[in-house]
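Engineer: here's a sequence, model it:
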Amino acid sequence: METTARQRRRQSWDEQPSSTAATSPYNKHDKPSGGGSGGGERVQWGMVVLALGFFRYMSVKSNIIHDCDETFNYWEPLHFLLYNSGFQTWEYSSQYALRSYLYIIFHALVGVPASWLFGDDKVKVFYAVRLFLGILSVVADAFLVVALSRKYGKRIASYTLMMLCLTSGCYLASTSFLPSTFSMYAMSLATALALLEKTAWAVAIAASGVIIGWPFSVLAFVPVTLYSLRRNFKRSFLSGAIISVALLALSVLVDHYYYQRWTSSVLNLLLYNVLGGGESHLYGVEGPLFYVHNAFNNFNFAFVFALLFPATLLVQAAAKFVRPVILSLIISISYSRTFSLIHGYSAPVEIYKHLDYHEDAGAGSTLCVGSEWHRFPSSFFVPDYVAQVRWIDDGFRGLLPLPFNSTLGGTSAAPLYFNNKNKASEEQYLRDLESCTLLVELHLKRPFAYRGSDLSTWEVVAALPYLDRDFSPPLYRSFYIPFYWEHRNVFGMYKLLRRIPK
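Structural biologist: Numbering: from 1, shown residues only. Sure thing, here's the model as predicted:
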């Protein structure tokens, strides 16, 4: 089997399409009944789409928002384009223009008709956009699985399908509204096209993933791009160059329309983060071990075996009986990781849904949020009777998002209260706390009182458990272990409170 694998890598799939050795699958169960390129039993499109569709739909419905960057740099600008209200970060100030509206309007293609269809029910619009993300993931990953089955046989494709469906990283990232997620879709699709020898298309999709998605993903696309250029340099190079120039030009035009000045957000972002044009270290710097730790959390032993793949090839013939154990281990750990994240940290999204049941707070209400501003799930969860969401001072001294100012020009505004030094603005906090009608707070077991603890002023209208990571053991908070997860971890209460009328 090891010899067969080595032969297949040395020979060209295109040069010898009828060669059994060039396309020989990994074991006897996948052998073709006849000749043919990439022959053998293949996975079926229907089965792949059904499996991916099921898990991506579960992700659409249950996934949480993992980072405030997703809320404030993507959901909020989209909300502003749809409803003319939402929070703006300094990156979207026309003075800095670090974020591309091309990525936002790509999702507005779904958001706009969804807002017409669902009207004031903005939560449904949120999930409609998420469903669109899930569909894109299904299409890209399905192409990858089918391409692998044609190139390497059913078994490798089936393993890949299992990982794409069940590992926490894929489950959670597939429906996150982030440019890196778009780059992930592009990576799956570009790899599939390269495997199918559609090299010009592969490079075009890779360029799209970098320019529309996350520019820093360019390093991840280097292998598939080099492979494509090696297979067909002229067509691949022309395809990549044409698509890159076209998308960069389109990005500049879109940025000009929204920022009302000629600029390139792609170039601005690269200058700020890479070439010393800014101070990106103000927002956190992680060492190399962060990526190893994160990769294991998201892919557990699948990540380990991927690193050890050459070694596992040498021993897998003698260790076939271990394979079901390994697969069961990966599936179990993936499920426990996903379950822990979703059930431990879903309270912020769920608590804001309770606002829909408290319209009796009155039109023009003010929703106040203190230290929990970074878990605000977006204005899509704020009903129309809430006139404004305001931050209140709980000691944070960094710069917070402020509402888009239509008076100053909306997306083209360059408000003076924004800066690129992460210094707090005097305008970001509400000073008159008596104007707060509703309050969102996380109550943890700490030796100090919370605002909402004053039951003569506030009444609790909804409360949900929230995992307290500081006082929960790393193993039990990271992975769901039945009985131990509930009893070894510590939980606070995420609360929605309403001011008691005097």
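Engineer: when you work out contacts or count neighbours from here on, use the C-alpha atoms and nothing else.
Structural biologist: OK.
Engineer: hey, where'd the helices end up in the stretch 301-450 of the chain?
Structural biologist: 309-315, 323-345, 347-353 (DSSP state H, counting those that start in this stretch).
Engineer: determine which stretch of those is the most buried.
Structural biologist: Highest mean neighbour count among these (mean count of other Cα atoms under 10 Å): helix 347-353, with a mean of 20.
Engineer: put the alpha carbons of that helix into PDB.
Structural biologist: As requested, the backbone C-alpha atoms of helix 347-353 are provided in PDB (Å, rounded to 0.1, in the frame of the first residue of the first chain):
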ATOM      1  CA  ALA A 347     -26.200  33.400  26.600                       C
ATOM      2  CA  PRO A 348     -25.300  36.800  25.000                       C
ATOM      3  CA  VAL A 349     -27.100  35.900  21.700                       C
ATOM      4  CA  GLU A 350     -30.100  34.300  23.500                       C
ATOM      5  CA  ILE A 351     -30.600  37.100  26.100                       C
ATOM      6  CA  TYR A 352     -31.000  39.800  23.500                       C
ATOM      7  CA  LYS A 353     -33.700  37.700  21.800                       C
END
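Engineer: show me the contact partners of stretch 438-454.
Structural biologist: In this structure, residues lying in contact with stretch 438-454 by Cα atoms under 8 Å, 6 or more residues apart in numbering are 365-372, 458-459, 468, 491-499.
Engineer: one step back: want to throw the helices of the stretch 301-450 of the chain into JSON lines with mean pLDDT?
Structural biologist: Listed next are the helices of the stretch 301-450 of the chain as JSON lines, based on pLDDT from 0 to 100:
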{"stretch": "helix 309-315", "mean pLDDT": "56"}
{"stretch": "helix 323-345", "mean pLDDT": "86"}
{"stretch": "helix 347-353", "mean pLDDT": "96"}
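Engineer: who wins for proximity to F126 among those?
Structural biologist: helix 347-353 (11.6 Å; Cα to Cα).
Engineer: name the residues that touch that closest one?
Structural biologist: Helix 347-353 is touched from outside by 64-65, 375-377, 381-382, 462-466, 494-496, with contacts defined as Cα under 8 Å, 6+ apart.
Engineer: same question, stretch 362-374
Structural biologist: Counting by Cα under 8 Å, 6+ apart, 67-68, 384-396, 435-442 sit against stretch 362-374.
Engineer: can you tell me the closest non-neighbouring residue to F380?
Structural biologist: Leaving aside its sequence neighbours, F380 sits nearest to K122 (Cα to Cα, 6 or more residues apart in numbering; 5.1 Å).
Engineer: so V43 touches Y159, yeah?
Structural biologist: No. Assessed by Cα atoms under 8 Å, V43 is found out of contact with Y159, at 11.2 Å.
Engineer: quick one, which of the two is more surrounded?
Structural biologist: V43 (20 against 13; other Cα atoms under 10 Å).
Engineer: what distance do you get for the more buried one to Y57?
Structural biologist: 21 Å (Cα to Cα, to the nearest Å).
Engineer: over to S168?
Structural biologist: Using Cα to Cα, S168 is found at 14 Å from Y57.
Engineer: ok, F296 next?
Structural biologist: For F296 relative to Y57 (Cα to Cα), the value is 24 Å.
Engineer: ok, the two, which is more surrounded?
Structural biologist: Y57 (19 against 15).
Engineer: SS state for that one?
Structural biologist: Applying DSSP: H, G, I helix; E, B strand; the rest coil to Y57 yields a three-state assignment of helix.
Engineer: repeat that for F80.
Structural biologist: Classification of F80 by three-state DSSP places it in helix.
Engineer: check contacts around it.
Structural biologist: Going by Cα under 8 Å, 6+ apart, F80 touches G86, F87, F404.
Engineer: all the strands of the stretch 251-400 of the chain, residue numbers only.
Structural biologist: Counting by DSSP state E, counting those that start in this stretch, the segments of the stretch 251-400 of the chain that form strands are 365-369, 386-391.
Engineer: between those strands, which one is nearest to V210?
Structural biologist: Here strand 386-391 is closest among the strands of the stretch 251-400 of the chain (Cα to Cα), at 34.3 Å.
Engineer: by contact count, what packs against that closest one?
Structural biologist: Other elements packing on strand 386-391 under the criterion 3 or more Cα pairs under 8 Å, 6 or more residues apart in numbering; DSSP states H and E are strand 365-369.
Engineer: what strands flank the strand it packs on, and is each parallel or antiparallel?
Structural biologist: Paired neighbours of strand 365-369 in the sheet (DSSP bridges): strand 386-391 (parallel), strand 438-443 (parallel).
Engineer: possible to save the ones you listed as TSV with distance to Y352?
Structural biologist: Supplementary listing: the strands paired with strand 365-369 in TSV, determined by distance: least, Cα to Cα, whole Å:
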stretch	distance to Y352
strand 386-391	12
strand 438-443	9
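Engineer: now do stretch 334-341: everything it contacts.
Structural biologist: Residues from elsewhere that reach stretch 334-341 (Cα under 8 Å, 6+ apart): 166-168, 171-172, 297-300, 477-481.
Engineer: where does pLDDT dip in the protein?
Structural biologist: Applying pLDDT under 70 to the chain picks out residues 1-40, 276-284, 309-323.
Engineer: please redo it, this time with the cut-off set to 80
Structural biologist: 1-41, 274-288, 301-302, 304-328, 502 (pLDDT under 80).
Engineer: list the contacts of the most centrally placed residue in it.
Structural biologist: Nearest to the mean C-alpha position of the chain, by Cα atoms, centre = their mean, lies S176 at 3.0 Å. Residues near S176 by Cα under 8 Å, 6+ apart: I65, E70, R130, L133.
Engineer: and Y291, how far from N297?
Structural biologist: In this view, Y291 and N297 are 10 Å apart by Cα to Cα.
Engineer: between these two, who's got more neighbours?
Structural biologist: Taking other Cα under 10 Å, Y291 and N297 do not tie; N297 has more neighbours (20 against 11).
Engineer: how about the helices in the stretch 101-250 of the chain?
Structural biologist: Per DSSP H, counting those that start in this stretch, the stretch 101-250 of the chain carries helices over the ranges 101-118, 122-152, 154-166, 168-173, 179-195, 199-208, 222-231, 233-259.
Engineer: out of the ones you listed, deepest packed?
Structural biologist: Among the helices of the stretch 101-250 of the chain, highest average neighbours (mean count of other Cα under 10 Å) belong to helix 199-208, with a mean of 27.
Engineer: what's it packed up against?
Structural biologist: So helix 199-208, by 3+ Cα pairs under 8 Å, 6+ apart, packs with helix 179-195, helix 222-231, helix 233-259.
Engineer: and it with helix 233-259, angle?
Structural biologist: With axes from the mean of the first three to the mean of the last three Cα atoms, to 10 degrees applied, the angle from helix 199-208 to helix 233-259 works out at 30 degrees.
Engineer: rewinding a little: CSV please, covering the helices of the stretch 101-250 of the chain and showing distance to L307.
Structural biologist: Listed next are these as CSV, based on distance: least, Cα to Cα, whole Å:
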stretch, distance to L307
helix 101-118, 33
helix 122-152, 19
helix 154-166, 15
helix 168-173, 17
helix 179-195, 19
helix 199-208, 24
helix 222-231, 17
helix 233-259, 30
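Engineer: V266 is nearest to which of the ones you listed?
Structural biologist: helix 233-259 (8.0 Å).
Engineer: tell me the most buried of the strands of the stretch 251-400 of the chain?
Structural biologist: strand 365-369 (a mean of 22).
Engineer: now do that one: distance to the chain's middle.
Structural biologist: 28 Å (Cα atoms, centre = their mean, to the nearest Å).
Engineer: residues contacting the residue lying closest to S365 once chain neighbours are set aside?
Structural biologist: Take S365 and drop its neighbours on the chain: the residue closest to it by Cα to Cα, 6+ apart is V386, 4.6 Å away. Taking Cα under 8 Å, 6+ apart, we find V386 in contact with A363, G364, S365, T366, L367.
Engineer: list the buried ones in stretch 409-422?
Structural biologist: G410, T411, S412, A413, A414, P415, F418, N419, N422 (16 or more other Cα atoms under 10 Å).
Engineer: fine by me, we can end here.
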